[in-house]
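Enquirer: A structural model of the following input is requested.
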Amino acid sequence: MIPNGEVRILVADDHFIVRMGLIALINTEPGLRVVGEADDGERVIALFEQLRPELVLMDVRMPGKSGHDAMRHIRRLAPDARVLMLSAFDGDEEIHNALQAGAQGYVLKSATDKELIPAIHAVAAGRRWIPHDVASRLKSRQLYEQLTPREIEVLNALATGLANKEIADRLGISEYTTKDHLKSILAKLRAADRTQAVTAALQRGIIRLP
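Expert: Okay, here's the model as predicted:
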């Protein structure tokens, strides 16, 4: 903390209006002060090294390095760094990945100031912050069998509209193996067809559109 006891915060979001709104909100709260802002993952890392804030409030999806990648880098620089992830997406896989990467909290962008400010205070104090709605989404992940890295590669290719043979050629596997992966993917995602599988994977944050 700086001498007057304020918690110094670095805000990262690639949407200017969202970022300005967060900064304005935080700076009106006693005990909190924004000392830096960034609109991409590389800038977050550079500013963290320079400023060493007590808290990073960071969007999950940003251009260049994602919030996950930036957080992993920051955690290597400072294992005790405190990061609160902010996202418009509530997919269980995306939430899980953020927490696995080292986030101490995860808040949706739909949260009100009465939800966000307590989250900032809690994480800045070293506590975890998982709101009820986020916890519910995370719990639902346990109901599904997890996809393998190769199955996720197949899903990503499927999302671009490739046919089985094209997926096989891209991944360097046989068409038979591709069909086998697709069968497993449909079962794990409880999807009736390829379109449903891609839709479910996007909603859960397993894959993203290119």
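Enquirer: residue ranges for the strands of the protein, please.
Expert: Here the chain has its strands, by DSSP state E, at 7-12, 32-38, 55-59, 83-87, 105-108.
Enquirer: Just say which of the ones you listed is most tucked in.
Expert: strand 55-59 (a mean of 26; mean count of other Cβ atoms under 10 Å). C-beta here means a position set from N, CA and C on the backbone, and glycine is covered the same way.
Enquirer: for that one, packing partners?
Expert: Here strand 55-59 touches strand 7-12, helix 16-27, helix 41-51, helix 67-77, strand 83-87, helix 113-124, going by 3 or more Cβ pairs under 8 Å, 6 or more residues apart in numbering; DSSP states H and E.
Enquirer: Identify the residues contacting the one residue sitting closest to the centre of the chain.
Expert: For the chain, residue 60 is the residue whose C-alpha lies nearest the centre (Cα atoms, centre = their mean; 3.6 Å). By Cβ atoms under 8 Å, 6 or more residues apart in numbering, the contact list for residue 60 reads 66, 67, 68, 85, 86, 87, 89, 94, 98.
Enquirer: Tell me the spacing between the third one and residue 145.
Expert: It refers to residue 68. 23 Å (Cβ to Cβ, to the nearest Å).
Enquirer: How is the chain divided into domains?
Expert: Split into domains by automatic domain parsing, the chain comes to 7-141, 144-204.
Enquirer: Can you redo the ones you listed as CSV, where the extra columns are mean pLDDT?
Expert: Listed next are those as CSV, based on pLDDT from 0 to 100:
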stretch, mean pLDDT
domain 7-141, 92
domain 144-204, 93
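Enquirer: Tell me how far the residue nearest to residue 49 when sequence neighbours are not counted lies from residue 83.
Expert: Nearest non-adjacent residue to residue 49, counting by Cβ to Cβ, 6 or more residues apart in numbering: residue 77, 6.4 Å away. Counting by Cβ to Cβ, the separation of residue 77 from residue 83 is 12 Å.
Enquirer: on that earlier part again, looking at residue 68 and residue 145 now, which is surrounded by more residues?
Expert: In this view residue 68 and residue 145 are compared by other Cβ atoms under 10 Å, and residue 68 has more residues nearby, 21 against 10.
Enquirer: Kindly give the local confidence score, pLDDT, for residue 5.
Expert: Per-residue confidence at residue 5 stands at 73 (pLDDT).
Enquirer: Skipping its backbone neighbours, what lies nearest it in space?
Expert: Leaving aside its sequence neighbours, residue 5 sits nearest to residue 31 (Cβ to Cβ, 6+ apart; 6.8 Å).
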